[in-house]
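A.B. asks: Predicted model, plus sequence, below.
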Amino acid sequence: MRGALRKWAPSYFPLTSHLLPLTSYLLPSELALDILLMGPPGAGKGTQGAILAQRLGLPKFATGDLLRDAVKQGTPLGRKAKAVMEAGHLVSDDIILGVVREELAKPNAAKGVVFDGVVRTVPQAEGVDRILADQGRALDAVLFFDVTDAELLARLEKRRSIESRPDDDPKAVANRLLAYREQTAPVLAWYEDRGVVRHIPAIGSVDEVAERVRHALNHA
Ligand code: ADP
């Protein structure tokens, strides 16, 4: 059975209780550990993703960071994405999947990747699945960061006063939350159907949430 199928079938392959230890005896083509972080804007994916990636010794790949860099450098990708991002809308699936394919072709992605905010529509979820399957890989876990709306708005407002991201102005924030509700929230159900989601209550200190992430990956 292909690695991808096996990983999607928790009853046959009970990785829920052995997720990390399993990597020590998987076949070489199945050594990769791929973890996707999901949640609304402001849920703390970036902060937790950095901690997790460092702990696992994996690269963190955030489409938001990559696109912001491209905008700053004025590359063709950045020129295409700039207005859409600043308005708080989603960049097209084609662009995102192109970027994912490029990222996964890099040698440092061979052992696995922490994907931060990379999948925001169902076609992107399907595309990422295909790209990973081409390498004999599949997502090992989807961590969903759960935060109330009131907390999200407070966090984004605070970030706005510190970082001044163009898409943290109130109108763009409203669009980002709308894009999240309409296009990204259904992705959660898509992954729930495949049995790979772990819910992380994302309120509390950075250390507390990081500990929940560690626990969810080891024991869920
Ligand atoms: P947040 O999730 O807090 O809105 P990010 O830095 O992750 O912030 O993303 C910033 C912007 O980059 C998004 O609002 C969107 O325009 C674009 N973006 C990032 N990832 C994707 C994706 N997978 N699909 C579509 N657009 C994306």
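C.D. replies: That came through fine. Residues are numbered from 1 along each chain as shown.
A.B. asks: Please identify the nearest residue in space to residue 141, excluding sequence neighbours.
C.D. replies: Leaving aside its chain neighbours, residue 141 sits nearest to residue 35 (5.1 Å; criterion: CB to CB, 6 or more residues apart in numbering). C-betas here are computed from N, CA, C, even on glycine.
A.B. asks: Next, the spatially closest residue to residue 110 that is not a sequence neighbour: phi, psi?
C.D. replies: Leaving aside its sequence neighbours, residue 110 sits nearest to residue 32 (CB to CB, 6+ apart; 6.7 Å). Main-chain dihedrals, residue 32, degrees, to the nearest 10: phi -70, psi 140.
A.B. asks: I figured residue 32 hits residue 137, correct?
C.D. replies: Yes. Counting by CB atoms under 8 Å, residue 137 is a contact partner of residue 32 at 4.9 Å.
A.B. asks: Who has more neighbours out of those two?
C.D. replies: Higher neighbour count among residue 32 and residue 137: residue 137, with 25 against 22, using other CB atoms under 10 Å.
A.B. asks: Double-check that the more buried one belongs to a helix.
C.D. replies: No. Going by DSSP: H, G, I helix; E, B strand; the rest coil, the assignment for residue 137 is coil, not a helix.
A.B. asks: Correct me if wrong: it contacts residue 34.
C.D. replies: Yes. Counting by CB under 8 Å, residue 137 does reach residue 34; the two are 5.8 Å apart.
A.B. asks: Could you tell me the per-residue confidence at whatever residue of the chain ends up closest to the ligand?
C.D. replies: As assessed by CB to the nearest ligand atom, the ligand sits closest to residue 64 within the chain, at 2.1 Å. Looking at residue 64, its pLDDT reads 94.
A.B. asks: from what I can see it touches residue 117, true?
C.D. replies: Yes. Using CB under 8 Å, residue 64 makes contact with residue 117 at a distance of 5.4 Å.
A.B. asks: Would you map the strands across this protein?
C.D. replies: Here the chain has its strands, by DSSP state E, at 35-38, 60-62, 114-116, 141-146, 197-201.
A.B. asks: buried ones in the first one?
C.D. replies: This points to strand 35-38. 35-38 (16 or more other CB atoms under 10 Å).
A.B. asks: cool, and the longest one?
C.D. replies: Across strand 141-146, burial judged by 16+ other CB under 10 Å covers 141-145.
A.B. asks: picking up where we left off before, now do the shared contacts for residue 137 and residue 34.
C.D. replies: Listed as contacting both residue 137 and residue 34 by CB atoms under 8 Å, 6 or more residues apart in numbering are residue 112.
A.B. asks: on that earlier part again, spell out which residues are contacts of both of residue 32 and residue 137.
C.D. replies: Common neighbours of residue 32 and residue 137 (CB under 8 Å, 6+ apart) are residue 112.
A.B. asks: wait, what's in contact with residue 72?
C.D. replies: Taking CB under 8 Å, 6+ apart, we find residue 72 in contact with residue 78.
A.B. asks: That one and residue 62, how far apart?
C.D. replies: 14 Å (CB to CB, to the nearest Å).
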